[in-house]
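S.K.: Quick one, what's the 3D model for this:
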Amino acid sequence: MTAINNDDVINTVNGFPVQASSLLANPTTRPIFTSIIILLKVYPVLVLVLGSFGNLLSFCVLLRANMRRYSTFCYLACLALVDLGVILTFCINFILLYHFNNDIQNEPFTCNLFAFCIYFLPQYSSWILVAVSIDRVISAKYLRLAKTWSKPKHSSFFSL
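M.R.: Below is the predicted model:
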């Protein structure tokens, strides 16, 4: 068994519970633990890049003039922005923690902002999907009501 530098253990185990250092010291669990660390470094960067690109592309497509006429596409454009916020919130925390050893939850303001975004943005995304479903039901079933309620100005009002 080789000696492990304590600084390497502290830097690698940052973000994990204290018991994780024993996993790194154990020769049987070390390969699993290092592969988890590699995944936690690579996965958030990939999700951030691909997810941001996909949501921004969706937002740009959904804001075209011919799609802006329909309320459903206005809801979906708002959903693309909210999902971009969800991706940024989750991935930036992992990237800062595992690439730069900076935990945003150590500062009071950033901790509160992070906690708010973690809980608010996914819930807001779900409620936008509920609004899309209600809008589609009104458009499909109640045609007379749809002429007054399924308009883009109403969707932008309900999205906020």
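S.K.: List the contacts of residue 122.
M.R.: Shown in contact with residue 122 (CB atoms under 8 Å, 6 or more residues apart in numbering): residue 86. Placement of C-beta: from N, CA and C, glycine included.
S.K.: Let me know the distance separating it from residue 129.
M.R.: From residue 122 across to residue 129, the span is 11 Å (CB to CB, to the nearest Å).
S.K.: try residue 27
M.R.: 48 Å.
S.K.: The two - which one has more neighbours?
M.R.: When residue 27 and residue 129 are compared for neighbours, residue 129 comes out ahead with 13 against 9, by other CB atoms under 10 Å.
S.K.: so that one makes contact with residue 79?
M.R.: Yes - when contacts are counted by CB atoms under 8 Å, residue 129 is listed as touching residue 79 (7.0 Å).
S.K.: need the helix or strand of this protein with the lowest average pLDDT.
M.R.: Using mean pLDDT, DSSP states H and E, the weakest-scoring helix or strand in the chain turns out to be helix 6-13, at a mean of 49.
S.K.: low-confidence ranges in this structure?
M.R.: 1-24, 143-160 (pLDDT under 70).
S.K.: And the helices in it?
M.R.: In the chain, the helices defined using DSSP state H lie at 6-13, 20-25, 30-62, 65-68, 71-100, 108-141, 143-149, 152-159.
S.K.: Pick the most deeply packed of the ones you listed.
M.R.: Comparing these by mean neighbour count (mean count of other CB atoms under 10 Å), helix 71-100 ranks first with a mean of 19.
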